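Student: my questions concern the predicted model and sequence given below.
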Amino acid sequence: MLKGHRTWVFANKPVIVATAAVGGPFEANGRLADDFDFLHEDLWLGEDSYEKAHRVLFEEAAFQAMEKAGLEKEKVQFLIAGDLINQMTPTSFAARTLGAPYLGVFGACSTSMEGLALSAFITNYGGADYILTGASSHNTAVEKQFRYPTEYGGQKPPTAQWTVTGAGVAIVSPKGDGPRVTAATIGRVVDMGMTDPFNMGGAMAPAAVDTIEAHLRDMQIDASHYDLIVTGDLGRIGRQVSLDLLRQHGIDIDEERYQDCGLLIYRDGQPVLSGASGAACSAVVIYGHLLKRMRRGELKRILAVATGALLSPLSFQQNETIPCIAHAVAIEYGGEA
């Protein structure tokens, strides 16, 4: 059901019946290492290219989630997923392996919640019994495409962020036990004229604010309704900018209840500059860490706001500004049904 201008409310509250998260060596040294199902000790994953390794990350996460849910792959009716690499080839090639009917979605680093919103919408209205959704990224593959090959050793400014190597997936169903998706607010493209590909957090912050404001307005609630509002990958700078903007716009938000996946995943002292980023950033933190906290009873309601910068190497070379987007999904577990 549409509520307000751009929020879907799911009367049947689709269930996230299983999740899985896979990471690389940098994530293995991070703060949330214990929340991953698999961690790899190198970036190659036994493949001869980083893009092929990227594909393997998603395949592993998908098969692990199916195993947790007790599902054979033939039982998954749809796959809704995406990544950042040339026409989403890692995800599309993983879909070849998985064999499920496939909807490839691109929202840059907002893809995780775009996929979850669509999966919840489809299952809520009887369109599927099981949908596998997720997002992935690979540090060296993404850096090579959007900035410089890591072997080049290019210097980065303090505003830059570290692309997560990993994949996070969820299986969504109309029935079962697990956290429930109650609503989703679809983002619109916001472009404040920024052009620096080394300051994604600052570019994406206004899009996150726009979507959070729209969600609260459409749902007629205030920020205190949620135990946690978590953005995808704004990093240190973007989180502060967005917090300042929300307060300027009259939204009273507790700083402790406003977190960013890009600031949760790594330890202090890891050389990530402003924090983490990448399509896997929100996916592994939300599916690997935050939903576990919900299952433990530490969180009852969260609003997950995945953020994305919709630039490409071509748009940057043609001196375009950076359009950004954010999609928000409300998830509940325990308490009121």
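Tutor: Received, thanks. On a predicted model such as this, the values are computed, not experimentally measured, just so you know.
Student: shaky segments in this structure?
Tutor: Counting by pLDDT under 70, the chain has low-confidence residues at 148, 335-337.
Student: then stretch 206-226 to PDB, C-alphas only?
Tutor: C-alpha atoms of stretch 206-226 as PDB (Å, rounded to 0.1, in the frame of the first residue of the first chain):
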ATOM      1  CA  PRO A 206      21.700  15.300   1.100                       C
ATOM      2  CA  ALA A 207      20.100  12.300  -0.600                       C
ATOM      3  CA  ALA A 208      20.100  10.400   2.700                       C
ATOM      4  CA  VAL A 209      18.500  13.400   4.500                       C
ATOM      5  CA  ASP A 210      15.900  13.700   1.700                       C
ATOM      6  CA  THR A 211      14.800  10.100   2.000                       C
ATOM      7  CA  ILE A 212      14.800  10.100   5.800                       C
ATOM      8  CA  GLU A 213      12.600  13.200   5.900                       C
ATOM      9  CA  ALA A 214      10.300  11.700   3.300                       C
ATOM     10  CA  HIS A 215      10.000   8.500   5.300                       C
ATOM     11  CA  LEU A 216       9.200  10.200   8.600                       C
ATOM     12  CA  ARG A 217       6.700  12.500   6.800                       C
ATOM     13  CA  ASP A 218       4.900   9.800   4.900                       C
ATOM     14  CA  MET A 219       4.700   7.500   7.900                       C
ATOM     15  CA  GLN A 220       3.700  10.400  10.200                       C
ATOM     16  CA  ILE A 221       6.300   9.400  12.800                       C
ATOM     17  CA  ASP A 222       9.400  11.000  14.300                       C
ATOM     18  CA  ALA A 223      12.900   9.700  14.500                       C
ATOM     19  CA  SER A 224      12.500   8.300  18.000                       C
ATOM     20  CA  HIS A 225      10.200   5.600  16.500                       C
ATOM     21  CA  TYR A 226      13.300   3.700  15.600                       C
END
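Student: roughly how far is that stretch from the heart of the chain?
Tutor: Centre-to-centre, stretch 206-226 and its host chain are 18 Å apart (Cα atoms, centre = their mean, to the nearest Å).
Student: list the buried ones in it?
Tutor: 206-216, 218-219, 223, 226 (16 or more other Cβ atoms under 10 Å). Where C-beta positions appear, they are placed from N, C-alpha and C, glycine not excepted.
Student: tell me the one of the residues you listed nearest Val15?
Tutor: Closest to Val15 out of the buried residues of stretch 206-226 is Tyr226 (19.1 Å), distances taken as Cβ to Cβ.
Student: of the buried residues of stretch 206-226, which belong to helices?
Tutor: If you go by DSSP state H, the buried residues of stretch 206-226 have 206-216, 218-219 in helices.
Student: would CSV of these with distance to Asp48 be doable?
Tutor: Converted to CSV, those look like this (distance: Cβ to Cβ, whole Å):
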residue, distance to Asp48
Pro206, 41
Ala207, 37
Ala208, 38
Val209, 43
Asp210, 42
Thr211, 40
Ile212, 43
Glu213, 47
Ala214, 45
His215, 44
Leu216, 48
Asp218, 48
Met219, 49
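Student: got the contact list for the residue nearest the centre of the chain?
Tutor: In the chain, the centroid-proximal residue (Cα atoms, centre = their mean) is Ser282; its distance is 3.1 Å. Ser282 sits next to Cys109, Ser110, Ser112, Met113, Ala135, Gly168, Gly232, Asp233, Cys261, Ala304, Ala306, Thr307 when contact means Cβ atoms under 8 Å, 6 or more residues apart in numbering.
Student: does it lie in a helix or a strand, and which?
Tutor: Per DSSP states H and E: Ser282 is located in helix 279-284.
Student: with Gly46 instead?
Tutor: Using DSSP H and E, no helix or strand contains Gly46.
Student: wait, a strand at Arg31?
Tutor: No. Read with DSSP: H, G, I helix; E, B strand; the rest coil, Arg31 is coil and lies in no strand.
Student: how about the contacts made by it?
Tutor: Residues in contact with Arg31 (Cβ under 8 Å, 6+ apart) are Leu264, Ile265, Tyr266, Arg267.
Student: apply 10 Å and report the result again.
Tutor: Leu263, Leu264, Ile265, Tyr266, Arg267, Asp268, Gln270, Val285, His289 (Cβ atoms under 10 Å, 6 or more residues apart in numbering).
Student: tell me if I'm right that the first one and Leu273 touch.
Tutor: No. The pair Leu263 / Leu273 is not scored as a contact, 11.6 Å apart, by Cβ atoms under 10 Å.
Student: compare neighbour counts for these two and give me the winner.
Tutor: Using other Cβ atoms under 10 Å as the criterion, Leu263 and Leu273 rank with Leu263 on top: 22 against 17.
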